[in-house]
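Participant: Can you look at this prediction? I've put the sequence above it.
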Amino acid sequence: MRERLAYVDMVRGVAVLWMISTQLLDMFTNEYNMYVEHYDFVLKYTNWLPIFLIVSGFSLNLMLDRYGRKAFLKKNIIRGLKFIAIGILLALWCGWNLPTPFDEVVSSIGMSVLIFSILLYFIGFSTRRHYLASLFASMSCLVAFNTVFYVEGAFNPFWCLSFMIFGFILGRLRSRVYGFFSLSSCLMNFHVVDYFGRTLGFWVLNVALVSPFFALMVFLEKFGTVSGFLGYFGRHSLFFYVFHFAIFQKLLVVTNSYNMFPFSVSVFFVALSILALVSIERLWYYLRFSRISMHLLHVCE
């Protein structure tokens, strides 16, 4: 079985650190609100969501080389349903205090994984040119449909799935050249880049940025400290997302302690929160594997 690719975990690690830092800072500080029009530049041009979706597609490509056709479909159906269930539970848990839709990011990634895995199963695992061409055509249709007929919803499947298909194609081709071409073409129309409007410009710009971003992570992979730090957050990205949202953000809202601090103090609290999240994850890991170890010792006796 192939080992995990460090740079893929690093890409995911950057995305999850970017996300929890920005969202917690938004909750702590009273100096800006990233969802208000005056500050929407924080999300408008580029953010972590496309990275999560693209790296999910990239990971699906890696799974093609690891599992057989039936095993691939079975694993990803379970994986997709698990993500959807986590998203629904988060919405139910946080919905009383935080505006959390049922199609929030984890549910949307799960739905996209589910749909895309079934699509791949029926297309087949051929590496021939027409196979990638059919995926590229599907991706283009999804982008065009969402651009012409904007679909309401936090994360509509047409938009999310198109990023995931691109990630799969990126992993199949392992090419980073066309990303720079896309970037240059998008910069010519930078005024139409808008995350909130799900515009074509936003899609093209973020697709373009991800290609050199992957190349940067491949370069940084040789530095053990950086690779280990980012890779750790990438491997446990779901844990960090769920806990920072379901515990930290909800606790701030329930205790009415949000938007109370100046920016500099908020940065300190964000760093403290991330350290707390790491401590919780390590404790969770220790307790889980301690139970497994005790069970194995009991069986051996």
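Facilitator: Yep, that arrived. Quantities reported herein were computed from a predicted structural model and do not represent experimental measurements. Numbering: from 1, shown residues only.
Participant: Show me where the chain has its helices.
Facilitator: 6-28, 41-44, 48-64, 69-94, 105-123, 129-148, 157-173, 177-187, 200-220, 224-235, 237-243, 250-254, 263-300 (DSSP state H).
Participant: which residues sit against the fifth one?
Facilitator: Among residues not part of helix 105-123, those counted as contacts by C-beta atoms under 8 Å, 6 or more residues apart in numbering are 49, 52-53, 56-57, 60, 64, 69, 72-73, 76-77, 79-88, 90-91, 103, 131, 134-135, 138, 154-155, 157, 160-161, 164-165, 168, 238, 241-242. All C-beta atoms are positioned from the backbone trio N, CA, C, and that covers glycine.
Participant: To Val193, which of the helices of the chain lies closest?
Facilitator: With respect to Val193, and counting by C-beta to C-beta, the nearest of these is helix 200-220 at 4.0 Å.
Participant: what is the mean pLDDT for that closest one?
Facilitator: Here helix 200-220 scores 81 as its mean pLDDT.
Participant: Distance check, the most centrally placed residue in the chain against Leu251.
Facilitator: Geometric centre of the chain, nearest residue: Phe52, 2.1 Å, by C-alpha atoms, centre = their mean. The span separating Phe52 from Leu251 equals 24 Å under the rule C-beta to C-beta, to the nearest Å.
Participant: again, but for Phe58
Facilitator: As judged by C-beta to C-beta, Phe58 and Leu251 stand 34 Å apart.
Participant: Now tabulate the helices of the chain in TSV and tack on distance to Asp194.
Facilitator: Formatted as TSV, the helices of the chain follow (distance: least, C-beta to C-beta, whole Å):
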stretch	distance to Asp194
helix 6-28	18
helix 41-44	6
helix 48-64	13
helix 69-94	25
helix 105-123	18
helix 129-148	11
helix 157-173	13
helix 177-187	12
helix 200-220	6
helix 224-235	28
helix 237-243	24
helix 250-254	28
helix 263-300	26
